[in-house]
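>>> Got a predicted structure plus its sequence, pasted below:
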Amino acid sequence: TVRGIFSDSEETVVKSITLRGVCEHAQNVIADERWTCDLPPSLGKFVGLESLYLNGNGFQGTIPSEIGEMKTLKALYLNSNDLWGSIPASFGKLESLEKLHLNGNKLSGEIPPSLGDLV
């Protein structure tokens, strides 16, 4: 369910996306044991996005490095999913990032040093 898509200009630029219950709903519809609910790399194409709330959806797999291309992203909530692997080094390019929530996943490896350069 898309809970909120907001724009503050005459051009249709998505500023915020909040999704809840995505994977649970999809599993009920698809009913295939082999199906997984992965974060799509195409998320990185949301130019102008400032907030992305995908927490608590049961997303699986690794975090797409393409999210690091979202230069205007201020808030990224991926917590409380079933994500694994490492934090993409591309997150160091998120120059506008103020809030990053990744807790409640199965992430491993080191935090990319480039994240420490963000102010």
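Perfect, I can see it now. Bear in mind that the values here come from a model prediction, so they are computed numbers and not experimental data. Numbers count the residues shown, from 1 in each chain.
>>> Tell me which helix or strand comes right after the worst-scoring helix or strand of the chain on mean pLDDT.
Across the helices and strands of the chain, mean pLDDT, DSSP states H and E gives its lowest value to strand 2-6, namely a mean of 42. Note on strand 2-6: by DSSP states H and E, the next helix or strand toward the C-terminus is strand 16-19.
>>> by contact count, what packs against that following strand?
strand 2-6, strand 51-53 (3 or more CB pairs under 8 Å, 6 or more residues apart in numbering; DSSP states H and E). (Each C-beta comes from the backbone N, C-alpha and C, glycine too.)
>>> distance between the last one and the chain's centre?
When C-alpha coordinates are averaged (CA atoms, centre = their mean, to the nearest Å), strand 51-53 and its chain have centres 7 Å apart.
>>> what does it contact?
15-19, 43, 46, 67, 70, 73-77 (CB atoms under 8 Å, 6 or more residues apart in numbering).
>>> Which strands and helices lie in contact with whichever helix or strand comes after it?
Once strand 51-53 ends, the next helix or strand along the chain (criterion: DSSP H and E) is strand 60-61. On a contact count with 3+ CB pairs under 8 Å, 6+ apart, strand 60-61 meets strand 82-85.
>>> same for the next helix or strand after the strand it packs on, what does it pack against?
Note on strand 82-85: by DSSP H and E, the next helix or strand toward the C-terminus is strand 99-101. Packing partners of strand 99-101 (3+ CB pairs under 8 Å, 6+ apart): strand 75-77.
>>> who does the strand it packs on pair up with?
strand 51-53 (parallel), strand 99-101 (parallel) (DSSP bridges).
>>> No further questions, thank you.
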